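Trainee: Predicted coordinates and the sequence they were generated for:
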Amino acid sequence: MMRAESAGRGLQAPLFEQLIRSLDEDRRHVVMDCGAARSGTIALLSELRCRLDILDLAQCLPELGGLEDPGERRACLAECLPGSGREPVDLVFCWNLLNYLKPADIETVGKLLSPLLKPGARLHALIEYSSPLMPASPGHWVPDASARLFADQVDLDQIPSPRYSPKKLQSLMPQFQPEKTMLLGNGLQEHLFRMRL
Amino acid sequence: MFNKRENGPAETENSSPASSARPVSDPPPSSSSKSGSAVIGASIQIDGSLKGDEDLLIQGKVKGTVELKKNSVTIGESGQVNADIYAQTIAVEGRLEGSLVASERVVIRKTAHIKGTIVAPRVMLEDGARFNGSIDMDPETDALKSAFSASARDSSAKADKPAEPARSKPAEPKGSGEQTAKGLL
């Protein structure tokens, strides 16, 4: 979970670091951040030839919380995602969002995202795994120049964590193939998925 | 990666530890300390195409297109803009819906609410700002080239037909009127 100590030292997320280092500086990249706009993300990606799409999907969580009908929940999520016909996305950051979505909503996000991505595009996610509790609302992860992640705006109230397993995520998002998974020192699970060809 | 670009470091400004690892250059002054600019006051509403050759501070409501390609445009905290803006540098403290195309940089202050597209080789965002949309920081993007290369060659021709950034909202004037920045003081 987003523990207070990570605000000081930062969280080492090896898969994220490898992912950033693997990006070719001469090639144009399209990155989609499902979280809110953060200075560190923009600064990190500004080193590249890059377009960054910022969705801030957490904005729709309060509305989603009041909806029971699956169709309405789908429409709510769809409203927050850009339409198709845009330059396809190479890389997706999905750092806190999935912890706060029901399994059916994760399925919806997978379906809505996949037409926007290039075949072989990657999705990087951080999932609460070891701890049975997590902050009551999603905070932010802010990368620094060396791709270490710093917790920001951590909610001190806590709620039960869904602790989605790699297998569960794989079944909910069949469009994506798990590439690597790593349990981090703070109990978060780091996932790297690749869009199936 | 990390300082892959040869033309200088990216800029950032926030209170989190993330920013301390990066070199930070001085951001442009906020609108409260800005002087010598043309000002669209808080009670002014403009609907149309706005062009000129001096810096501009918008505290009122602007709808349409703003082209000050060799100058800076600041949307002050009380500014409410629904427009496509072309300038050398753009700073946003207020509300904007539209596209921002800057040849040098865009600065998004923590009070800003933006929905739209930003095209600029340098973008600085203060944490706390609300942004929803796309930020294109590719210095080789066609949107930047078409907006500024052509204008340098023949700005008068461009005055009749504003440049259209790729993948952004149409840059056609959203209103019928036309005003210059001069005389708005």
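Mentor: Perfect, thanks for sending it. Residues are numbered from 1 along each chain as shown, chains lettered A, B, ... in the order given.
Trainee: partners of the spatially most central residue of chain A in the sheet?
Mentor: For chain A, A:C94 is the residue whose C-alpha lies nearest the centre (C-alpha atoms, centre = their mean; 0.6 Å). Listed by DSSP bridges, the beta-bridge partners for A:C94 are A:A125.
Trainee: my guess is it contacts A:L123, does it?
Mentor: Yes: using C-beta atoms under 8 Å, A:C94 is in contact with A:L123, at 5.9 Å. In this view, the C-beta of every residue, glycine as well, is placed from N, C-alpha and C.
Trainee: how about the strands of chain B, start to end?
Mentor: B:38-40, B:45-51, B:56-58, B:61-75, B:80-92, B:95-108, B:113-119, B:122-125, B:130-136, B:177-180 (DSSP state E).
Trainee: so which of those strands gets nearest A:H29?
Mentor: Closest to A:H29 of the strands of chain B, according to C-beta to C-beta: strand B:130-136, at 11.0 Å.
Trainee: Which elements pack onto that closest one?
Mentor: Counting contacts by 3 or more C-beta pairs under 8 Å, 6 or more residues apart in numbering or on different chains; DSSP states H and E, strand B:130-136 packs against strand A:49-54, strand B:113-119.
Trainee: and those strands as TSV, adding mean neighbour count, distance to B:E67 and mean pLDDT?
Mentor: Shown next, in TSV, are the helices and strands packed on strand B:130-136 (neighbours: other C-beta atoms under 10 Å in any protein chain shown; distance: least, C-beta to C-beta, whole Å; pLDDT from 0 to 100):
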stretch	mean neighbour count	distance to B:E67	mean pLDDT
strand A:49-54	24	23	96
strand B:113-119	22	14	97
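Trainee: Let me have these in JSON lines, adding distance to A:L197 as columns.
Mentor: Listed next are the helices and strands packed on strand B:130-136 as JSON lines, based on distance: least, C-beta to C-beta, whole Å:
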{"stretch": "strand A:49-54", "distance to A:L197": "22"}
{"stretch": "strand B:113-119", "distance to A:L197": "30"}
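Trainee: B:L144: which of the ones you listed is closest?
Mentor: strand B:113-119 (5.6 Å).
Trainee: Now the residue lying farthest from the centre of chain A: closest residue in space, sequence neighbours ignored.
Mentor: Relative to the centre of chain A, the most outlying C-alpha is that of A:D26, 25.1 Å out, by C-alpha atoms, centre = their mean. With C-beta to C-beta, 6 or more residues apart in numbering or on different chains as the criterion, A:D26 has its nearest non-adjacent residue at 7.4 Å, and that residue is A:R49.
Trainee: residue contacts, the one you found?
Mentor: A:R49 is in contact with A:E25, A:D26, A:R27, A:R28, A:H29, B:M137, B:D138, B:P139, B:E140, counting by C-beta atoms under 8 Å, 6 or more residues apart in numbering or on different chains.
Trainee: The first one belongs to a strand, doesn't it?
Mentor: Just to be clear, that refers to A:E25. No: under the criterion used here (DSSP: H, G, I helix; E, B strand; the rest coil), A:E25 is coil, not part of a strand.
Trainee: about what we covered before: out of the strands of chain B, which comes closest to B:L144?
Mentor: Of the strands of chain B, nearest to B:L144 by C-beta to C-beta is strand B:113-119, at 5.6 Å.
Trainee: low-confidence ranges in chain A?
Mentor: Within chain A, the segments meeting pLDDT under 70 span A:1-8.
Trainee: repeat that with 50
Mentor: Filtered on pLDDT under 50, chain A yields the residue ranges A:1-7.
Trainee: what does it have sitting close to chain B?
Mentor: Residues of chain A lying near chain B by C-beta under 8 Å from any C-beta of the partner chain: A:7-8, A:10, A:20-21, A:23, A:25, A:28, A:36-40, A:42-56, A:59, A:86-87, A:142-146, A:148, A:150, A:152.
Trainee: Look up the residues forming beta bridges with A:A151.
Mentor: Bridge pairing for A:A151 - DSSP bridges - gives A:W141.
Trainee: quick one: contacts for the residue nearest to B:E126 when sequence neighbours are not counted?
Mentor: If you skip the residues right next to it in sequence, B:E126 has B:K110 as its closest partner in space, 4.0 Å away by C-beta to C-beta, 6+ apart. Each residue near B:K110 by C-beta under 8 Å, 6+ apart is listed here: B:E126, B:D127, B:G128, B:A129.
Trainee: Could you do B:I118 as well?
Mentor: Contacts of B:I118 (C-beta under 8 Å, 6+ apart): B:S99, B:L100, B:V101, B:A102, B:V106, B:I108, B:G133, B:S134, B:I135, B:D136.
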